[in-house]
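> Task: produce atomic coordinates for the following.
(one chain, ligands or ions: 3)
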Amino acid sequence: MIIDGMVFGCYLLETVLLSSLSCFYSETCISNFRYILGAIPFPVQALNDSLTRFSVNDTIETMAYQMFIESWASNVSYEKFYNSCSPNYCMYTYYYRFDMLQLLTTFLSVFAGLSLGIRFVVPYIVKIFQKIQHRFRIVPMQ
Ligand SMILES: *[C@@H]1O[C@H](CO)[C@@H](O)[C@H](O)[C@H]1NC(C)=O
Ligand SMILES: *[C@@H]1O[C@H](CO)[C@@H](O)[C@H](O)[C@H]1NC(C)=O
Ligand SMILES: *[C@@H]1O[C@H](CO)[C@@H](O)[C@H](O)[C@H]1NC(C)=O
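Residues are numbered from 1 along each chain as shown. Ligands and ions are numbered 1, 2, ... in the order given. Prediction:
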């Protein structure tokens, strides 16, 4: 007897992994399979190959590697998750690696801030120094 897609390996696991479900896509094949197994004849519904992304001849191993996933839709809402779980507090860990670009950015921003600050402060410092110098010049004249 030959059953479509059925492969018999030395081990049961091989048999399962190397076989495909192609027989279950054909009502005739399913009927024959049931007849061989001695099951009572009963109208059966075959699988519909247009409802799956897998090929009819894909082995169970192939499908297992893709975890039998037909489609994967991701619809994530952190807001809804937060609202429905209503945690008392929220904590997150932030891994920070200091790289060359960040070093340069930090240096430039500190440099820019410093130069801006110094530009405002230096005229006053110069004025204060000038006043002090002026006072010291005046003192010996008296
Ligand atoms: C398989 O599914 C498609 C899409 O739902 C449908 O149009 C088609 O009639 C189905 N075929 C069988 C044999 O059920
Ligand atoms: C599956 O394999 C059979 C036999 O090897 C072949 O006749 C059939 O066209 C194949 N079907 C698909 C969808 O690859
Ligand atoms: C995500 O799910 C919400 C509700 O479950 C729905 O209103 C929204 O349209 C979905 N968005 C997408 C992109 O599927």
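> What residues does the one residue in the chain that gets nearest to ligand 1 make contact with?
Residue nearest to ligand 1 within the chain: residue 48 (3.7 Å; C-beta to the nearest ligand atom). Glycine gets a C-beta too; all of them are placed from N, C-alpha and C. Residues in contact with residue 48 (C-beta atoms under 8 Å, 6 or more residues apart in numbering) are residue 25.
> Which pLDDT value belongs to it?
pLDDT, residue 48: 92.
> May I have the phi/psi pair for it?
phi -110, psi 110 (degrees, to the nearest 10).
> gap between the helix or strand residue 125 falls within and the chain center?
When elements are assigned from DSSP states H and E, residue 125 belongs to helix 100-141. Centroid separation for helix 100-141 versus its chain: 50 Å, with C-alpha atoms, centre = their mean, to the nearest Å.
> Please work out the average pLDDT along that helix.
83.
> try stretch 61-81
In this model, stretch 61-81 carries a mean pLDDT of 90.
> near ligand 2, anything from it?
No - taking C-beta under 6 Å from any ligand atom as the criterion, stretch 61-81 and ligand 2 are apart, separated by no less than 12.2 Å.
> centre of the chain versus that stretch, how much separation?
Centroid separation for stretch 61-81 versus its chain: 12 Å, with C-alpha atoms, centre = their mean.
> now for the helix holding residue 125, which elements pack on it?
Packing partners of helix 100-141 (3 or more C-beta pairs under 8 Å, 6 or more residues apart in numbering; DSSP states H and E): none among the helices and strands.
> Can you pull the residues of the chain lying near ligand 2?
With C-beta under 6 Å from any ligand atom as the criterion, the chain meets ligand 2 at residues 22, 55, 56, 57.
> farthest-separated two in these?
Largest separation among these by C-beta to C-beta: 22 and 55, giving 8.9 Å.
> And residue 104, how far from residue 4?
Distance check for residue 104 against residue 4: by C-beta to C-beta, to the nearest Å, it reads 65 Å.
> Comparing the two, which residue is more hemmed in?
Using other C-beta atoms under 10 Å as the criterion, residue 104 and residue 4 rank with residue 4 on top: 19 against 10.
> Quick check: that one touching residue 24?
No - taking contacts as C-beta atoms under 8 Å, residue 4 lies outside contact range of residue 24: 9.1 Å.
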